[in-house]
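1. predicted coordinates and the sequence they were generated for:
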Amino acid sequence: MAYKDVYDSWKADPEAFWMQAAEAIDWDRAPSKALFDKGDDLYEWFADGMVNTCWNAVDRHVEAGRGDQAAIIHDSPVTRSKREITYVELRNRVATLAGALRAKGIEKGDRVIIYMPMIPEALEAMLACARLGAIHSVVFGGFSASELAVRIDDAKPKAIIAASCGIEPGRVVHYKPLLDGAIDQAAHKPDFCVIFQREQEVAHLEEGRDYNWHGFQYGVEPAECVPVEGNHPAYILYTSGTTGAPKGVIRHTGGQLVALNWSMKNIYNVDPGDVFWAASDVGWVVGHSYICYAPLIHGNTTIVFEGKPVGTPDAGTFWRIIEEYKVRSFFTAPTALRAVKREDPKGEFVKKYDLSHLQAVYLAGERADPDTIEWAQKVLDKPIYDHWWQTETGWTIAGMPAGIEKLPVKIGSPSVPMPGYDVQILDEAGQPVKSGELGAIAVKLPLPPGTLPTLWNAEDRFRKSYLDHFPGYYETGDAGMIDEDGYLYIMARTDDVINVAGHRLSTGGMEEVLAAHPDVAECAVIGVTDQLKGQLPMGFVCLTKGVNRPHDEITAECVKLVREKIGPVAAFKLCLVVDRLPKTRSGKILRATMVKIADSAEFKAPATIDDPAILDEIRDALTTIGYAK
């Protein structure tokens, strides 16, 4: 079947489509139907089925005779260590950890916070919770004590599983003092903590509360998998909210199993036994969906990478891993490829490695500018597929259905909507706009399996954030358009569409133009307040390694480029060269924070920021042209 046939078959009979997809999952009790309409725009999937995530991700592969296959490969250039864990080893390790948690009182419905670096034990902790029906909440290792405390008070965990430290290039991040500080600050106190002691730092354990990971498991009875309802929450993942209070996105068990399993073949085009690598972190949704759950549910080998795209040790790290482990499909963020491109613009490192096993590279997490995609296509000689989804959706909204049909790539578009997503472009009044017109991207309800049913203990906030603005739709918060072939284009976050003297312009479109400049490695465009025009676009560019030309020459060329490509209507005349851009740890550029700095407004540095010192650098650069006073 071609993509259009598959998409049309879903649209014609969503119930039959998802019930058929559910047959690939091992159910303790099969669901009687797929969609359960709760009324008032609330829905659940496979709610009356009984199932266990850990069984589907681990045990069933052992039972099927594939226990000797590698389940997890850990590659850690920052600690100079590598190891493989087979499916049978993973089952035994997870069952023992789950048994130890059960012996301390953890049971179905209890919450457990996981605060760990990129080590296999982080996945084992997630799977051990799933084995018991406990609800985990992974918090990015190294998050500040105050941010961790907020999550402790919201999730109210019975236990916290943490590591003694994380390893960054050139430094050790001390997790245990952050954890202790968070528990001190939080009103809610966990019953106990389990600490995985890394050899780089052995942390002090609080007597009566803290247990050593290994000693804690000694002599316990391994736990069996506990079946849970299809609508039982598998996890809570906190995403930054605009109010500063994090939003706890919930993922239901049954829908996640069905959707993620479906995605591995149909989107990422891998078969059971293939090696799949998502170069992300367990703290993010990509880490949940595509480092831990989807590859294991589908019977793939997943790579847990503890390092950076550059500097550990060089810009060839990605290609070394792809060669060494024969990676079939590789998923990373555009910002990671931009970092590699900046260090190795001619792709010299790529030539050192055999990438013949690699089928395609998938990009998500930040808009993939055409220049980066074209560079990657040229140096890798592989298909580069942008695809678009969100923490809230848990898997692809629009992408390349490579396992169904390899459609033509249109650079600048994440391709086409996946089955389950009826994507519409709406104007402010909630009416569909014409093909090719810019508007708010919304998805007609119900959302497919695997997406968020609500927020943790915050249904009112869920409605206000996603449902109220466009009744009958999920509001994505992104702006874009759909062309005559049905390809979707994501132009910006809705609040990144700026109004210049009455003209609605996409900052993303301007970024595409700047990124095409031969000396520009990375860029961002924001809208700053202007008394006359309402808003003016302002560009920030980071230069490719080795460029030594005067900055004012380069910025003048950038201004000329935007005026040529987008026109004088853009009123683009403000452009700055900076060493680096402020980003979250997952690679998203903090444009909203940059706007506040430029407008001299008060702001709070987001908890997810990679390096707060960059904000001072941005402020200093802005003051040179009369902003950020």
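-> Good, I have the coordinates.
2. output the below-cut-off pLDDT ranges for the stretch 501-629 of the chain.
-> Within the stretch 501-629 of the chain, the stretches with pLDDT under 70 are 502, 504.
3. ranges for the strands of it?
-> Counting by DSSP state E, counting those that start in this stretch, the stretch 501-629 of the chain has strands at residues 503-506, 520-530, 534-543, 574-577.
4. R111: which of those strands is closest?
-> With distances scored as C-beta to C-beta, the stretch of the strands of the stretch 501-629 of the chain nearest to R111 is strand 520-530 (36.7 Å). (C-beta placed from N, C-alpha, C; glycine too.)
5. please save the CA atoms from the closest one in PDB.
-> Output of strand 520-530 as PDB, limited to C-alpha atoms (Å, rounded to 0.1, in the frame of the first residue of the first chain):
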ATOM      1  CA  VAL A 520      26.800  31.300   8.900                       C
ATOM      2  CA  ALA A 521      26.800  28.100  10.900                       C
ATOM      3  CA  GLU A 522      23.700  28.800  12.900                       C
ATOM      4  CA  CYS A 523      21.200  31.700  13.400                       C
ATOM      5  CA  ALA A 524      18.100  32.900  15.100                       C
ATOM      6  CA  VAL A 525      15.700  35.700  14.300                       C
ATOM      7  CA  ILE A 526      13.400  37.400  16.900                       C
ATOM      8  CA  GLY A 527      10.900  40.200  16.800                       C
ATOM      9  CA  VAL A 528      11.800  43.200  19.000                       C
ATOM     10  CA  THR A 529       9.500  46.000  20.000                       C
ATOM     11  CA  ASP A 530       9.500  49.100  17.700                       C
END
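6. dump the strands of the stretch 501-629 of the chain into JSON lines; add mean neighbour count and distance to R320 as well.
-> Below are the strands of the stretch 501-629 of the chain laid out as JSON lines (neighbours: other C-beta atoms under 10 Å; distance: least, C-beta to C-beta, whole Å):
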{"stretch": "strand 503-506", "mean neighbour count": "18", "distance to R320": "37"}
{"stretch": "strand 520-530", "mean neighbour count": "23", "distance to R320": "22"}
{"stretch": "strand 534-543", "mean neighbour count": "22", "distance to R320": "25"}
{"stretch": "strand 574-577", "mean neighbour count": "20", "distance to R320": "32"}
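7. can you add distance to D460 and give the ones you listed back as a markdown table?
-> Listed next are those as a markdown table, based on distance: least, C-beta to C-beta, whole Å:
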| stretch | distance to D460 |
| --- | --- |
| strand 503-506 | 30 |
| strand 520-530 | 30 |
| strand 534-543 | 32 |
| strand 574-577 | 40 |
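8. compare those strands and give me the one nearest V310.
-> Across these, V310 has its closest neighbour in strand 520-530 (11.4 Å, C-beta to C-beta).
9. against which helices or strands is the closest one packed?
-> The contact analysis (3 or more C-beta pairs under 8 Å, 6 or more residues apart in numbering; DSSP states H and E) places strand 520-530 against helix 334-343, strand 497-500, helix 507-515, strand 534-543, helix 591-598.
10. recalculate using a threshold of 7 Å.
-> helix 334-343, helix 507-515, strand 534-543, helix 591-598 (3 or more C-beta pairs under 7 Å, 6 or more residues apart in numbering; DSSP states H and E).
11. and these as a markdown table, adding distance to M50?
-> Below are those laid out as a markdown table (distance: least, C-beta to C-beta, whole Å):
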| stretch | distance to M50 |
| --- | --- |
| helix 334-343 | 40 |
| helix 507-515 | 45 |
| strand 534-543 | 52 |
| helix 591-598 | 43 |
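12. for these, which one sits closest to I250?
-> Among the helices and strands packed on strand 520-530, the nearest to I250 by C-beta to C-beta is helix 591-598 (25.1 Å).
13. can I get the closest one as PDB, trimmed to CA atoms?
-> Taking C-alpha atoms only, helix 591-598 is exported to PDB below (Å, rounded to 0.1, in the frame of the first residue of the first chain):
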ATOM      1  CA  ARG A 591      14.000  33.000  21.300                       C
ATOM      2  CA  ALA A 592      11.400  34.200  23.800                       C
ATOM      3  CA  THR A 593      14.100  34.800  26.400                       C
ATOM      4  CA  MET A 594      16.200  36.700  23.800                       C
ATOM      5  CA  VAL A 595      13.100  38.900  23.000                       C
ATOM      6  CA  LYS A 596      12.800  39.800  26.700                       C
ATOM      7  CA  ILE A 597      16.500  40.700  26.900                       C
ATOM      8  CA  ALA A 598      16.300  42.900  23.800                       C
END
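14. quick one, domains of the chain?
-> Per automatic domain parsing, the structural domains of the chain span 87-226, 501-623.
15. any idea which of the ones you listed is most buried?
-> Mean neighbour count (mean count of other C-beta atoms under 10 Å) peaks for domain 87-226 among the domains of the chain, with a mean of 20.
16. identify whichever of the helices and strands packed on strand 520-530 lies nearest to D281.
-> Closest among the helices and strands packed on strand 520-530, using C-beta to C-beta: helix 334-343, at 11.5 Å.
17. who are the packing partners of the closest one?
-> If contacts are counted by 3+ C-beta pairs under 7 Å, 6+ apart, helix 334-343 sits against helix 370-380, strand 520-530.
18. got the ones you listed as a markdown table, with distance to I152 columns?
-> Converted to a markdown table, these look like this (distance: least, C-beta to C-beta, whole Å):
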| stretch | distance to I152 |
| --- | --- |
| helix 370-380 | 38 |
| strand 520-530 | 33 |
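19. ok, then the element right after the longest helix anywhere in the chain?
-> Scanning the chain for the longest helix, with DSSP state H as the assignment, gives helix 87-103. Where DSSP states H and E defines the elements, the next helix or strand beyond helix 87-103 is strand 111-115.
20. returning to that earlier point: which one of the domains of the chain lies closest to V361?
-> Here domain 501-623 is closest among the domains of the chain (C-beta to C-beta), at 15.0 Å.
21. wait, R493 touches E475, no?
-> No: using C-beta atoms under 7 Å as the test, R493 is too far from E475 to be in contact (11.7 Å).
22. which residues are in contact with the helix-or-strand element of the chain with minimal mean pLDDT?
-> Across the helices and strands of the chain, the lowest-confidence element by mean pLDDT, DSSP states H and E is strand 503-506, at a mean of 73. By C-beta atoms under 7 Å, 6 or more residues apart in numbering, the residues outside strand 503-506 that reach it are 438, 479, 491-492, 497-498, 569-570.
23. quick one: which two of these are the most distant?
-> A479 and V569 (17.5 Å).
24. OK, contacts around G412?
-> 370, 489, 512.
25. burial measure for the second one, as a count.
-> By other C-beta atoms under 10 Å, the residues close to Y489 number 23.
26. and it, what does it touch?
-> By C-beta under 7 Å, 6+ apart, the contact set of Y489 is 412-413, 480-481.
27. again, 6 Å this time
-> 413, 480-481 (C-beta atoms under 6 Å, 6 or more residues apart in numbering).
28. turn the residues you listed into CSV, including neighbour count.
-> Shown next, in CSV, are the contacts of Y489 (neighbours: other C-beta atoms under 10 Å):
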residue, neighbour count
S413, 22
G480, 25
M481, 20
